[in-house]
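Q: coordinates only, no sequence provided:
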């Protein structure tokens with residue numbers, strides 16, 4: 001961890017956590033498969049206990065599909081998303097993932113600033129392409145992005 005992520009802490013939550021589902025729906029993100037097995041979701045809080053976001057991933061060997069990352073609009077542009085993403089990738093890394101993947105319709109510039117690169121779907125692992133996110137929940141127009149997880 002670093003000083004920036006020390007300001008946040010995460011707590012595991014169920015995929016059907018009502019606050020989580022409401023935040024995703026409010027952001028226009030998919031919720032259809034949250035309760036399926038193989039997903040890890042977290043609520044992120046400031047040291048004060050104030051909830052400031054959610055995120056999760058599905059791990060497939062050395063690959064992790066980051067998903068359901070949301071920070072309330074009132075808390076955006078304060079570095080929270082960057083720090084949340086660092087903590088989320090640390091969790092994935094601790095479970096054995098070394099490459100992160102994600103699909104986004106609107107947040108590609110945000111993820112590019114954090115070192116993610118657009119990837120051709122033909123270059124993605126089959127395990128990532130076979131997820132419900134890649135197959136049906138995210139439109140074909142969604143940008144696939146990737147980044148090596150390093151700490």
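A: Arrived safely, thanks for sending. This is a predicted model, so every value here is computed, not measured. Numbering: from 1, shown residues only.
Q: rest of the way, CA atoms for contacts and neighbours
A: Fine.
Q: partners of the lengthiest strand in the chain in the sheet?
A: Ordering each strand of the chain by length in residues (DSSP state E) puts strand 51-60 first. Using DSSP bridges, strand 51-60 pairs in its sheet with strand 39-46 (antiparallel), strand 63-70 (antiparallel).
Q: show the pLDDT at the residue of the chain positioned farthest from its centre.
A: Taking CA atoms, centre = their mean, the residue of the chain most remote from its mean C-alpha position is residue 48, at 22.8 Å. Residue 48 is assigned 88 on the pLDDT scale.
Q: does it belong to a helix, a strand or coil?
A: coil (DSSP: H, G, I helix; E, B strand; the rest coil).
Q: can you list the residues that contact the lowest-mean-pLDDT helix or strand in the chain?
A: In the chain, the helix or strand scored least confidently by mean pLDDT, DSSP states H and E is helix 132, which has a mean of 88. By CA atoms under 8 Å, 6 or more residues apart in numbering, the residues outside helix 132 that reach it are residue 33.
Q: count residues in the vicinity of residue 78, would you?
A: Around residue 78 there are 9 other residues, counting by other CA atoms under 10 Å.
Q: what's the following helix or strand after the biggest helix by length in the chain?
A: For the chain, the longest helix by residue count, based on DSSP state H, is helix 80-94. Of the helices and strands lying after helix 80-94 in sequence (DSSP states H and E), the nearest is strand 99-104.
Q: which elements pack onto that following strand?
A: Applying 3 or more CA pairs under 8 Å, 6 or more residues apart in numbering; DSSP states H and E, one finds that strand 99-104 contacts strand 63-70, strand 143-148.
Q: distance check, residue 94 against residue 149.
A: Note on residue 94: its distance to residue 149, by CA to CA, to the nearest Å, is 10 Å.
Q: those two: which has the busier surroundings?
A: Set residue 94 next to residue 149 and count neighbours by other CA under 10 Å: residue 149 wins out with 18 against 10.
Q: right, and the more buried one touches residue 89 too?
A: Yes: the pair residue 149 / residue 89 is scored as a contact, 6.7 Å apart, by CA atoms under 8 Å.
Q: need the residues touching each of those two.
A: residue 100.
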